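Peer 1: Sharing a model prediction with you, sequence too.
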Amino acid sequence: MHLLSAGSVVLFVATILRQVSGLETVVGLYGQTLEIPCNKEAMNAEDVVITKWKYDKGDGLSGDLLVKKKNKDVSISATDEYKSRISLATNSSLILSAPKLSDQRTFTCMVVGSSDISEYPVNVVIYKAPAGVEVSDKAQELEIGKFTKLATCVAKDTNPAVNITWMRNNKPLVDSGKGVSIRASVQVDPVSGLSSTSSTLEYSATKDDTDAQFSCSVQHNLGIQLESSALTFTVTYSTENIVLQVLAPEPLVEGENVTLKCVADGNPAPTSFNFHLKGEVVPVKNTDRYTLTAVSRDITGEYRCSLIDNPAMMASKNITVNYLDINLNPSGKIIKTAGEALELSFQIDSSGESKVSWTKDNVKMDKEPTFNKLQYSDSGHYESEVKMGALTEKASFDLIVEGAPVIKQLSKQRSEDGQHKVLICEAEGSPKPSVSWSINGTSLDESPFINGKVTHKITIVPTVNLTVSCTVSNEFGVDTRDIIVSSLFEEVRVDKRDQSEDVDQTKLVVGVVVGLLIAAMVIGLAYGIYQKKSKQGSWKTGEKENGSSEEERKLEEKVEENSQKAEV
């Protein structure tokens, strides 16, 4: 509410009225003491002999109010209602108490001087602002599209009568005949003469009026603005749209609960619905929800809801229950023998596209493992991980490849200082094979047992040529292999031989070998000719072949003897 001070308003209004009419006008507030000035500025106060106030009674008649003679007390001459309501100020102004609308008239101050008489008429106007704005006959609710009396706004006991303005969300409403109708009336109290203005608003609501605020306001001539408290209304309308909402975790998986919520835009909102659950219709009352508990993949499909009192008003929604199942066979602990095959069966059942990855001993593999012929290095912990969106499933197995140990390599080498020989026995098998030697040694060293492999080293100092055995064994079997180890001293002598001596010996050996080979070839050729002739003679003479056989035997022994000599 906006309010100017009473004095400012009176001065402002009086100025306006004086400018309009040419007659000085003062504005009094209803019921508040009013001072009506006597303008005697043109006359010297010492020259004033008599001051007299009178008023216009109408019909050309005037009534006396009071008289003040120089150096005398004020004399009240009024005999009507003014007798008890008037007095004279020291500046000769007329003081009027409890002014009312009947006091709206002309009051005249007459000043008698020693040589002149002057009159100063003053027009009096009485204003009264409304004490407040009252709202009555408020509608309970508004129905969309239906013209409804919204409320009546009343401003009582005012002067002059005020205009009432209706507002929606602080914006004025205009009577346009389309959705807005405003009817105003003014009533005057026959006793007080004060006016009461009432205004009735009829309104055709829309959905946008659901939260709208309505109010009425008045603007009085005194500059006072009053506004009613805000009015809100329940806007009713039939359901035009319906939506089915699915309230569930994301992603929705088996075992979770799913709540179906039917949302209708009617007001008041519907409270009874039909839920269509894959061929089954379930009615619910006083709620807009239905919950499916511990759902399974079988509930995947279309669901609908509708109004019980209007089945044609329906909404639908698809529900998908995500699932991811994997089956690895075999699984757990798997024990196989080296060289065998292992056939894996890995099946995935999912509601969408999935991605598979494999690890062996926590190291990522490029592809799914296959085992056509198991090796000891295939032993390990295998794990598969299948992902589909936010769902993840894992399966694993532990593969143990067992078998009798086998020596893969038995070798020897000189130590770095050249004073020892290091024998190296490399073996495969599982469980881990134990390694033993046929000779004692020092600096025993065994590598870690990884992928079914173990390497064992022993350091020895052979003084003579030796045959050393390495034996590996586990619960499945034993394997042994020999190696000839020459004396370190013999090797030292060989190393010190003169290079020229080595060349001559090499030439001698080569010559002997070539000569023996030529002799063997000659003997072989002669033996072939002899065989041919012996057979021909036997055929011609009819001799038995026993003699020839004996000769053949002797010749073979000779050839063999020559061959052995050649090898030596």
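Peer 2: It's in.
Peer 1: What is the subsequent helix or strand relative to the longest strand anywhere in the chain?
Peer 2: Criterion DSSP state E: the longest strand present in the chain is strand 391-414. Using DSSP states H and E, the helix or strand that follows strand 391-414 in sequence is strand 421-430.
Peer 1: sorry, back to before: in the longest strand of the chain, which residues are buried?
Peer 2: Going by neighbour count (16 or more other Cβ atoms under 10 Å), the buried part of strand 391-414 is 391, 393, 397, 399, 401-407, 410. All C-beta spots, glycine's among them, are computed from the backbone N, C-alpha and C.
Peer 1: how about that strand as PDB, C-alpha atoms only?
Peer 2: Output in PDB follows, covering the C-alpha atoms of strand 391-414 (Å, rounded to 0.1, in the frame of the first residue of the first chain):
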ATOM      1  CA  LEU A 391      27.200 -55.700 -15.900                       C
ATOM      2  CA  THR A 392      30.300 -57.800 -15.300                       C
ATOM      3  CA  GLU A 393      30.600 -61.600 -14.800                       C
ATOM      4  CA  LYS A 394      33.800 -63.600 -14.200                       C
ATOM      5  CA  ALA A 395      34.800 -67.300 -14.500                       C
ATOM      6  CA  SER A 396      38.100 -69.000 -13.900                       C
ATOM      7  CA  PHE A 397      40.000 -72.200 -13.700                       C
ATOM      8  CA  ASP A 398      43.400 -73.400 -12.400                       C
ATOM      9  CA  LEU A 399      45.200 -75.600 -14.800                       C
ATOM     10  CA  ILE A 400      47.900 -77.900 -13.500                       C
ATOM     11  CA  VAL A 401      49.900 -79.900 -16.200                       C
ATOM     12  CA  GLU A 402      51.700 -82.900 -14.700                       C
ATOM     13  CA  GLY A 403      54.000 -85.500 -16.200                       C
ATOM     14  CA  ALA A 404      57.200 -87.500 -15.800                       C
ATOM     15  CA  PRO A 405      60.400 -85.400 -16.000                       C
ATOM     16  CA  VAL A 406      62.400 -85.300 -19.100                       C
ATOM     17  CA  ILE A 407      66.000 -84.000 -19.400                       C
ATOM     18  CA  LYS A 408      65.900 -81.500 -22.300                       C
ATOM     19  CA  GLN A 409      69.600 -80.700 -22.300                       C
ATOM     20  CA  LEU A 410      72.700 -81.800 -20.500                       C
ATOM     21  CA  SER A 411      75.700 -79.600 -21.200                       C
ATOM     22  CA  LYS A 412      79.100 -78.600 -19.800                       C
ATOM     23  CA  GLN A 413      81.200 -75.500 -19.800                       C
ATOM     24  CA  ARG A 414      84.400 -74.100 -18.300                       C
END
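Peer 1: which neighbours does that strand have in its sheet, and in what orientation?
Peer 2: Next to strand 391-414 in the sheet, as set by DSSP bridges, lie strand 332-337 (parallel), strand 380-388 (antiparallel), strand 421-430 (antiparallel).
Peer 1: And the average pLDDT for it is what?
Peer 2: The pLDDT scores in strand 391-414 average 92.
Peer 1: which residue packs closest to V162, ignoring adjacent ones?
Peer 2: The spatial neighbour of V162 that comes closest, neighbours along the chain excluded (Cβ to Cβ, 6 or more residues apart in numbering), is V218 at 4.4 Å.
Peer 1: Correction: the previous question concerned A89.
Peer 2: I95 (5.6 Å).
Peer 1: tell me, what residue is most central in the protein?
Peer 2: With the centre of the chain defined as its mean C-alpha position, the nearest residue by Cα atoms, centre = their mean is E250, 10.6 Å away.
Peer 1: What helix or strand is N318 located in?
Peer 2: Using DSSP H and E, N318 falls within strand 314-319.
Peer 1: quick one: that strand to chain centroid distance?
Peer 2: 24 Å (Cα atoms, centre = their mean, to the nearest Å).
Peer 1: angle of the following helix or strand past it against strand 380-388?
Peer 2: Per DSSP H and E, the first helix or strand lying C-terminal to strand 314-319 is strand 324-329. Using axes from the mean of the first three to the mean of the last three Cα atoms, to 10 degrees, the direction of strand 324-329 lies 160 degrees away from that of strand 380-388.
Peer 1: and strand 324-329, which strands flank it?
Peer 2: Strand pairing for strand 324-329, using DSSP bridges, gives strand 345-350 (antiparallel).
Peer 1: and the partner strand, C-alpha only, in CSV?
Peer 2: The C-alpha coordinates for strand 345-350 follow below in CSV (Å, rounded to 0.1, in the frame of the first residue of the first chain):
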residue,chain,number,x,y,z
SER,A,345,33.4,-74.8,-23.4
PHE,A,346,32.6,-71.1,-22.8
GLN,A,347,29.1,-69.9,-23.3
ILE,A,348,27.6,-66.5,-22.9
ASP,A,349,23.9,-65.7,-22.5
SER,A,350,23.1,-62.0,-22.4
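Peer 1: Looking at the record's assignment, how would you partition this structure?
Peer 2: For the chain, automatic domain parsing gives the domain ranges 6-127, 133-236, 242-319, 402-493, 506-543+554-567.
Peer 1: Distance to E368 for those domains - can I get that in JSON lines?
Peer 2: Listed next are the domains of the chain as JSON lines, based on distance: least, Cβ to Cβ, whole Å:
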{"stretch": "domain 6-127", "distance to E368": "95"}
{"stretch": "domain 133-236", "distance to E368": "61"}
{"stretch": "domain 242-319", "distance to E368": "26"}
{"stretch": "domain 402-493", "distance to E368": "20"}
{"stretch": "domain 506-543+554-567", "distance to E368": "57"}
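Peer 1: out of these, nearest to E385?
Peer 2: Closest to E385 of the domains of the chain is domain 242-319 (Cβ to Cβ; 17.2 Å).
Peer 1: Just the terminal-to-terminal distance for the closest one.
Peer 2: Distance across domain 242-319, first residue to last, is 18 Å (Cα to Cα, to the nearest Å).
Peer 1: check contacts around the residue nearest to V162.
Peer 2: V218 is in contact with 130, 133, 155, 162-165, 197, 225-226, counting by Cβ atoms under 8 Å, 6 or more residues apart in numbering.
Peer 1: Pull out the buried positions in the helix or strand harbouring it.
Peer 2: Following DSSP H and E, one finds V218 within strand 214-219. Within strand 214-219, the residues that count as buried by 16+ other Cβ under 10 Å are 214-218.
Peer 1: Skip ahead from that strand and say which helix or strand is next.
Peer 2: Next element after strand 214-219 (DSSP H and E): strand 225-227.
Peer 1: Parallel or antiparallel, list what pairs with the following helix or strand past that following strand.
Peer 2: Per DSSP H and E, the first helix or strand lying C-terminal to strand 225-227 is strand 234-236. Partners of strand 234-236 in the sheet, by DSSP bridges, are strand 141-143 (parallel).
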